[in-house]
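> Sequence and computational prediction follow.
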Amino acid sequence: MMLHTDAEARAWLERLPEWDAGAADRLTALVRLLEEENTRQNLVSAASLAEVWRRHIADSAQLLTHVPRETCSPWLDLGTGAGFPGLVIAALRPECAVLMVESRARRIEWLERARIALGLDRAQVIGARLELVPTRPVRVISARAFAPLPRLLELSARFSTADTIWLLPKGRSAPQELQELSGWQHRFHVEQSLTDADAGVIVGTLAANTARKGRKS
Ligand SMILES: C[S@@+](CC[C@H](N)C(=O)[O-])C[C@H]1O[C@@H](n2cnc3c(N)ncnc32)[C@H](O)[C@@H]1O
């Protein structure tokens, strides 16, 4: 299945098990706040804002289809930036502890303002460079447009256990990045993105010994 338009993305979102009146209100509010904030700072491109439900909301929400429903806390989102996927995941699963790591001051302020406006009490904005965030085991790690795969793993494997599910939207480069990855024991594969025929999402787990010890030479 492929979502080609905002209308298709909205219809798909409304069929998600996570969708209810509260989720609809929170996501609608998020879109409105993002449109406002984008006039003040360059969070997302104008072209993508014109198709915000497909390009950002559904693109983020599709990650939930790769995670068992009971598995969401804590969910660590790396480089959340404009709010993707972290704020969308938290808006759809407000009971989950979604930890959004972001280092740029204006984006930290935006994320915190949006988090409060949406009433996402269990979500948390960690305004720091990822390198400085204390290590703790998490159930899910997501990262959209954050870093090339080897760098991403070097920075964040310390948060992973053998059960941690990694969800890495990688665009067109997903198969190549995975093929070229060496030095890690992993069970990653590429899932087709629902929002872009050319894009893939790297999904899977890292072996515990790899995750604990970091990169093997
Ligand atoms: C290209 S943006 C992607 C934002 C968002 N994930 C998205 O897909 O719209 C990457 C974000 O990661 C943040 N970032 C980059 N390196 C970081 C680091 N070491 N620690 C925390 N945040 C970082 C940047 O400030 C930026 O907001």
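Sure thing, it's come through. Numbering: from 1, shown residues only.
> and the nearest residue to residue 127 once chain neighbours are set aside, what element?
In space, and not counting its chain neighbours, residue 127 is closest to residue 108: 3.7 Å by Cβ to Cβ, 6 or more residues apart in numbering. For every residue, glycine as well, the C-beta is placed using N, CA and C. In this structure, residue 108 sits in helix 105-117 according to DSSP states H and E.
> Pull up the residues of the protein that are close to the ligand.
79-82, 84, 101-104, 107, 129-131, 144-146 (Cβ under 6 Å from any ligand atom).
> ok, now with 8 Å
Within the chain, the positions near the ligand by Cβ under 8 Å from any ligand atom are 43-44, 56, 77-86, 101-104, 107, 128-131, 133, 143-147, 155, 169.
> Select from the residues you listed every entry located in strands.
Among the residues of the chain next to the ligand, DSSP state E puts 77, 78, 101, 102, 169 in strands.
> I'd like the average pLDDT over stretch 119-132.
For stretch 119-132, mean pLDDT is 98.
> so how many other residues sit close to residue 197?
10 (other Cβ atoms under 10 Å).
> That should have said residue 163, apologies.
12.
> Do I have it right that the residue nearest to residue 127 meets residue 129?
No. If you go by Cβ atoms under 8 Å, residue 108 and residue 129 don't touch, sitting 11.2 Å apart.
> Looking at those two, which one has more neighbours?
Legend: neighbour count by other Cβ under 10 Å for residue 108 and residue 129, higher for residue 108 (18 against 13).
> ok now do the more buried one, which residues does it touch?
102, 125, 127 (Cβ atoms under 8 Å, 6 or more residues apart in numbering).
> Nearest to the ligand among these?
Of all those, residue 102 has the smallest distance to the ligand: 5.0 Å, by Cβ to the nearest ligand atom.
> Show me what the closest one is bridged to.
When bridges are called by DSSP bridges, residue 102 pairs up with residue 127.
> was I right about it contacting residue 112?
No. With contact defined as Cβ under 8 Å, residue 102 does not reach residue 112; the gap is 9.5 Å.
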